[in-house]
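Visitor: Pasted the sequence and its predicted model underneath.
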Amino acid sequence: MAEKKLWSFAVTIYQRDGVAPACLDLQEQCQIDVPLMLCAVFACLEGKDISDADLTQLHNLASPWQGDIVQSLRRIRTQLKTGPHPAPNAVTEDLRNKIKAAELTAEKIQLEMMQAWANRLAAIDIVDDLPALPAIIDTITRIVAASSKAKITQIQHDHIRLIADAACQIKDHKTEIIQP
C-alpha cells in the first residue's frame, strides 16, 4: 500500500472544495505540472525537506513522461471539445472521455514514479505540525515561480494558500484519505 500513498493523497486533495479549479488555473496560467506539485506537497506533509535541487531532480524525473504522454493526451482531449470535424458530437465525446481516462491513468503512473523520489528524501525533525503550512506554501510558490513566465498574481497566491490549507486539513485527519 505504501506505493499508493501519493496517489491516494492526490485523489483526496483534488476532491477538496476549490482545489481542482485552483490546480487547473495554476496549470493553465503558470504551466505547472499538477502531479509534480501534489507530490511535493505530499513530501512536505511526510516531513521531508525539499530543496531547489530536489525540485529540479523531481522535474527532470517527471518531465519526459508529463510532456510526451500526459500533455499529448491532454492536447487531444482538449482539441476534441471543438474540432476538427466531425468533433464535437456524441461519438467524438465518447472518444474524448476515453482519452480523459487515459490521461488520468498516465498521471497515476507519473505519481507512482514520483512516489519513489519522495520516499528517498531526507526527513526533517518537526516538533509539531505548525511548520507544515509554511513549508507547503513555500514549496508550491517555488514550483509556480519556476514554471511561470510572469510574476505570481494575488489570485495565484490565493490558489497556493487554498491548496496548502487543504493539504494540512488532510494531514490533521479532518478528511479521510481515499483508498482507490
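Guide: Right, received. Where do you want to start? Numbers count the residues shown, from 1 in each chain.
Visitor: got the phi/psi numbers for residue 32?
Guide: phi -80, psi 160 (degrees, to the nearest 10).
Visitor: Give me the neighbour count for it.
Guide: By the other C-beta atoms under 10 Å criterion, the neighbourhood of residue 32 contains 21 residues. Every C-beta, even on glycine, is put in place using the N, C-alpha and C of the backbone.
Visitor: show me where this structure has helices.
Guide: Along the chain, counting by DSSP state H, helices occupy 5-14, 19-30, 34-45, 52-65, 71-79, 90-120, 132-147, 154-171.
Visitor: for the ones you listed, which one ends up most surrounded?
Guide: Scoring the helices of the chain by mean neighbour count under mean count of other C-beta atoms under 10 Å gives helix 34-45 as the most buried, with a mean of 25.
Visitor: gap between that one and the chain center?
Guide: Going by C-alpha atoms, centre = their mean, to the nearest Å, the spacing between the C-alpha centre of helix 34-45 and its chain's C-alpha centre is 6 Å.
Visitor: Flag the shaky bits of this protein, pLDDT-wise.
Guide: Judged against pLDDT under 70, the low-scoring parts of the chain cover residues 1-4, 125-131, 172-180.
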